[in-house]
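In: please work out how this folds:
(chains A and B)
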Amino acid sequence: MSASLAVNAAIRLTGAVLILTGMLFESAPDACAQALVVGANFVVKSLDPARTVETTSNMADHSIYDSLVTFDGEDLTTPKPSLATDWTVSPDGRTYTFRLRRNVRFAGGNPMTSVDVKWSFDRVRYLKSNPAFFLSSVEDVLAPDPFTVVLKLKSPNPALLPILSSSSLGVIDSKLVSQKGGDASPDAKDKDKAEPFLMAQSAGTGAYVLERYVPDQEIVLARNPNHWRGAPKLERVVIRNITEPAAQKLQLEKGDLDVATGLDQDQMRALRGTAGVVAKASPAATTFYILMNADPQIGGPFANSKVQQAVRYALDYDGILALAGPGAVRLAGVIPVVFPGAADPRQGARTDRDRARALLKEANLGEVKGALTYAADATIFGVQVNLLAQKIQADLAAVGITLALNGLPRATALQLYRDGKNQMSVWSWAADYPDGQNFLVYAPGRTVGKRAGWLPEASPEARELAQIAADAESERDPTKSAGLYRKLDERLSQSGPYAPLFQPAVPYAFRSNVQGVTFSSVWGVDFWTVSK
Amino acid sequence: MLVGITLLTFVLSHAVPADPVTASLGEQAAADPAVVAAFRHEWGLDRSLPAQYGIYLWNLVHGNFGVSISTRQPVWLDLRQTLPATIELAVVAMSLSVLIGIPLGVLSAVKRDSVLDQLTRVVSLVGTSMPIFWLGLVVLVVFYARLGWAPPPGRLSATLAAPPMITGFLLVDSLLAGRPAVALDALRHLVLPAAVLSTYNLGILARLMRGSTLDVLGEDYVRTARAKGLAEGAVTLRHAARNALIPVITVIGLSFGRLLSGAVIIESVFAWPGLGLYAFRTATSLDFPAIMGVGIVVATVYVLANLLVDVAYALVDPRIQVGR
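Out: Model (predicted):
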């Protein structure tokens, strides 16, 4: 080939490459301006409401399935009517009667009646899956007429109404889902085959329907034009799995994301003050805490009450709050301040390292050493757990407690925690429903108490606290109930195998042209209220 | 091979000191013995380990990879959705590495100690030593956020619907569906992650090709070719480079297999729903059926890649004959 021909060919090839490159960097056509694009770090095991309690699933299901009651935005204190217009409670607190809203249809067209509510609740009870515990206090569900539902309880449960707001208890079109293999009989756990259908399509009365779910990629919701509250403002909601918080931040700044829900404190700091972006934090019904094992075989020196007290005085709470980020609130006890009955944060242990050293001296155990176990790969509501663990290690080292950091993958760390084998660990406990009852788990003999090796028979005080928890659980008078919770919480702030740290705030951000964005720590973004 | 890979994966995944119950059930559910029992029964975890393995192997030989605990889909469907995404990314990345790295290595060897040679060695060093996670984020910030030249992370723009899945390769499926705009959008999304993923292998290949070419250029037959009056270009391309390629082909084969399982970081940064991310998530969720499926697929890809390497040897070096 002659040199001129070669040069000619090279020029043509270069030109073609440049044209192609230019085409590549042109914008793709905007097919749907009315789609809200939401970035999330997916936690989805199922979209079948009767099988899931995960965060991203809840966010989608909350818009697809309506529950009997709900809450407005970020206010988790007062249950509001949803599919139930009103309700009564029997004097003994064991019978709840709900009147259903009339003229509500499922997205597929079938009318919603009490049969669907009973079927949906029975399915949750008998599938024995993740959300089964929500209805563990329910003895029976009755549908005496098409617009009345009666729940019979085994014993009074003042938290039932907040529980019923969960999207896991969303009402499903029983006729449709039965045809697709759904089963609500006592043998449901063996017979029900409806999950594949509910992962691809939905059967609710909600403002949106499930258009498409691609695991690990996206959940696409489409407007339900026949929704009983009226058609929602958005035509489509696309929830995209973007695991990297920095990538979410970039896309939000560029306008390719409308709402970002998986941000860290680093991204939030950068986003505050960014033009066109609103950065917010919503109180999370969650407690971050240190667990010290009260079983001397496992906890070693940390089973000693003076050492436990010393730990509480050694911590630099201001520094820990700084790590937790704006919106985080110091906790005195284990109940988040969003719930009635939480101890006043001002009553919590203060940083007093001299007192911590004095307590260690009184304990007379010599050098106090141990291992702090934590999920090294976890970031919870923007809080990087490994940084928190390092801070705790440094704080305790300042008073002479030597901690080795035992960071493990989440699954392994969680196993040790649930088996009650942590000598010392840092964890969080999130409310599954908006009620302080969630946090009775810290009482001696209850879920977290057992993991901390703390049983009622350990001491008279433990027995007393267990009784206070039992009384709080069944007390129906709101004032007396709050009093009992406060009594328990104040006692847990001063003694016991925990060092309560803070209630985090969920960081989220959205474009300033998007209105109505709220973030509830129970179900995430409520797409019904959002418009752009 | 099947028994070996599945047994090894089975043993290793069950050796982890954690229970799938812990990874799959919430706090309250895990505290309910009835729920735990139902979960174990549903996923066959209440059987003995040999029985679990035997059942899995029996299903496998009948083409059933089982159902993923975390996606609730058949594992083969998960793999069908994720593997093409990673192959698409890996093929483009490897193509970039080969098409740029090898010529760069040859030129660098031919123009030894020149400015080009120095530049190649710097590029090689940077490519192999740059943390790929950091590079990915920097590239996103520069080309996407600041310059606006590149699209956001993901395989496709959020406002476009994906074409019907036929091969799983978005580029191919879009064209088959008669939607060239979607194909172009998919190609745009592929450029940055593939470029970042190619940097490590590009550095390796450039360096290796340079060294291999330098060795070959000193051989007697090359001196003979020059003595026979062949043009320098012909000596380099027809004699030196071709022979210098042989050890490089081995590295290409091994690198491709590594690309598939090592793409998890790039897939995380660029929200690329590929096998790497799937493997990471299912491993941390103790999703045994999915873990086994990924193990089989990755091992198979390694074997196929090495087979292709063997075939490539025969093409490059006529002295090597496959099958003899």
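
In: check contacts around B:Arg210.
Out: With contact taken as CB atoms under 8 Å, 6 or more residues apart in numbering or on different chains, B:Arg210 is in contact with B:104-106, B:108-109, B:117, B:120-121, B:124. In this view, the C-beta of every residue, glycine as well, is placed from N, C-alpha and C.

In: with A:Ser202 instead?
Out: With contacts defined as CB under 8 Å, 6+ apart, the neighbours of A:Ser202 are A:47, A:64-65, A:107, A:209-210.

In: next, the buried residues of stretch A:56-74.
Out: For stretch A:56-74, burial by neighbour count (16 or more other CB atoms under 10 Å in any protein chain shown) applies to A:56-71, A:74.

In: so which of the contacts of A:Ser202 is the closest to A:Arg486?
Out: For the contacts of A:Ser202, the minimum distance to A:Arg486 (CB to CB) is 34.8 Å, reached by A:Tyr65.

In: and the gap between the closest one and A:Ser202?
Out: With the distance defined as CB to CB, to the nearest Å, A:Tyr65 ends up 7 Å from A:Ser202.

In: how far does the strand or helix carrying A:Ala404 sit from its chain's centre?
Out: A:Ala404 belongs to strand A:401-408 when assigned by DSSP states H and E. Here the centre of mass of C-alpha atoms in strand A:401-408, compared against the chain's by CA atoms, centre = their mean, to the nearest Å, lies 27 Å away.

In: can you give me the helices in the stretch 351-500 of chain A?
Out: Remark: helices of the stretch 351-500 of chain A, listed N- to C-terminal, are A:353-363, A:385-397, A:410-418, A:447-451, A:460-474, A:478-494; assignment by DSSP state H, counting those that start in this stretch.

In: now swap in the stretch 1-150 of chain B and tell me
Out: Going by DSSP H, counting those that start in this stretch, the stretch 1-150 of chain B shows helices at B:2-15, B:20-24, B:27-30, B:33-42, B:49-61, B:75-110, B:115-129, B:132-139.

In: do the longest one and chain A meet at all?
Out: Yes: applying CB under 8 Å from any CB of the partner chain, one finds that helix B:75-110 is in contact with chain A at B:78, B:81-82.

In: which positions in the stretch 151-300 of chain B make contact with chain A?
Out: Along the stretch 151-300 of chain B, the residues adjacent to chain A under the rule CB under 8 Å from any CB are B:151-154, B:157-162, B:181, B:184-185, B:187-188, B:191, B:268-271, B:273, B:277-278, B:281, B:284-286.

In: and of the helices of the stretch 351-500 of chain A, who's closest to A:Val329?
Out: Relative to A:Val329, the nearest member of the helices of the stretch 351-500 of chain A by CB to CB is helix A:478-494, separated by 13.8 Å.

In: where does pLDDT dip in chain A?
Out: Counting by pLDDT under 70, the ranges of chain A that qualify are A:1-33.

In: please name the nearest non-neighbouring residue to residue 299.
Out: Using chain A. Excluding the flanking residues, the one nearest A:Gly299 by CB to CB, 6 or more residues apart in numbering or on different chains is A:Asn293, at 3.3 Å.

In: wait, chain B was what I had in mind.
Out: For B:Ala299, the nearest residue in space outside its immediate sequence neighbours is B:Ile5; the separation is 4.6 Å by CB to CB, 6+ apart.

In: how about A:Ala469?
Out: Nearest-residue entry for A:Ala469: A:Ala443, 3.5 Å, with adjacent residues in sequence omitted and distances by CB to CB, 6+ apart.

In: repeat that for B:Pro84.
Out: According to CB to CB, 6+ apart, the nearest residue to B:Pro84 is B:Gly168 (3.0 Å).

In: can you check A:Lys421 too?
Out: Nearest non-adjacent residue to A:Lys421, counting by CB to CB, 6+ apart: A:Ile298, 6.3 Å away.

In: what comes up buried for the one helix or strand that neighbour maps to?
Out: Using DSSP H and E, A:Ile298 maps to helix A:296-299. Residues of helix A:296-299 classed as buried under the neighbour-count rule (16+ other CB under 10 Å) are A:298-299.

In: what about the closest residue to A:Thr286 other than its chain neighbours, how many neighbours?
Out: With CB to CB, 6+ apart as the criterion, A:Thr286 has its nearest non-adjacent residue at 4.2 Å, and that residue is A:Ala430. By other CB atoms under 10 Å in any protein chain shown, the residues close to A:Ala430 number 19.

In: quick one, what contacts A:Ala430?
Out: A:284-286, A:521.

In: please redo it, this time with the cut-off set to 7 Å
Out: A:Ala430 makes contact with A:285-286, A:521 under the criterion CB atoms under 7 Å, 6 or more residues apart in numbering or on different chains.

In: surely A:Ser282 and A:Trp523 touch.
Out: No: counting by CB atoms under 7 Å, no contact exists between A:Ser282 and A:Trp523, whose distance comes to 11.5 Å.

In: got any residues that touch both of the two?
Out: Once CB under 7 Å, 6+ apart is applied, it turns out that A:Ser282 and A:Trp523 contact no residue in common.

In: checking A:Pro156 next. Helix, strand or coil?
Out: For A:Pro156, the secondary-structure state derived from DSSP: H, G, I helix; E, B strand; the rest coil is coil.

In: quick check: the nearest residue to it once chain neighbours are set aside vs A:Asp140, distance?
Out: Leaving aside its sequence neighbours, A:Pro156 sits nearest to A:Gly93 (CB to CB, 6+ apart; 3.2 Å). Going from A:Gly93 to A:Asp140 by CB to CB gives 15 Å.

In: and what of A:Val37?
Out: Counting by CB to CB, the gap from A:Val37 to A:Asp140 is 44 Å.

In: so for those two, which residue has more residues nearby?
Out: In this comparison of A:Val37 against A:Asp140, neighbours counted by other CB under 10 Å, the higher total goes to A:Val37 at 24 against 14.
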